[in-house]
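Asks: no letters, just coordinates:
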């Protein structure tokens, strides 16, 4: 897993159960990505991964 993190420049941080509000930023990001993916794919589509790069590009250029 660490090699995957290094490949994409991800800094892995663990949130404690006592401060769940620290997960808020990740939850918002995931919800935004999910909304874009839902607009780009057909309902029930299981091959959403082919649209992930386009989705991330759209998110990064919009915000």
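Replies: Sure thing, it's come through. Nothing here was measured: the structure is a model prediction, and the numbers come from that model. Residues are numbered from 1 along each chain as shown.
Asks: show the pLDDT at residue 59.
Replies: Looking at residue 59, its pLDDT stands at 90.
Asks: all helices of the chain, in order?
Replies: Assigned by DSSP state H, the helices in the chain fall at 2-8, 24-40, 52-62.
Asks: hmm, what's the outermost residue in the chain?
Replies: residue 18 (23.5 Å; CA atoms, centre = their mean).
Asks: can you pull the contacts of that residue?
Replies: Listed by CB atoms under 8 Å, 6 or more residues apart in numbering, the contact set of residue 18 is empty. C-beta here means a position set from N, CA and C on the backbone, and glycine is covered the same way.
Asks: for it, phi and psi?
Replies: phi -80, psi -20 (degrees, to the nearest 10).
Asks: roughly how far is stretch 17-37 from the heart of the chain?
Replies: 8 Å (CA atoms, centre = their mean, to the nearest Å).
Asks: how near is the residue nearest to the spatial centre of the chain to residue 3?
Replies: The centroid of the chain falls nearest to residue 30 when counting by CA atoms, centre = their mean (4.4 Å). To residue 3, residue 30 is 23 Å away according to CB to CB, to the nearest Å.
Asks: count of residues packed around residue 58?
Replies: 17 (other CB atoms under 10 Å).
Asks: then the one 3 residues further on?
Replies: One way to gauge burial is a neighbour count; for residue 61, by other CB under 10 Å, it gives 7.
Asks: same question, residue 55
Replies: 21.
Asks: which ones are touching it?
Replies: By CB under 8 Å, 6+ apart, the neighbours of residue 55 are 33, 36-37, 40.
Asks: count the residues that sit near the nearest residue to residue 47 once chain neighbours are set aside.
Replies: Counting by CB to CB, 6 or more residues apart in numbering, the nearest residue to residue 47 once its immediate chain neighbours are dropped is residue 41, at 7.7 Å. Number of residues near residue 41 (other CB under 10 Å) recorded here: 16.
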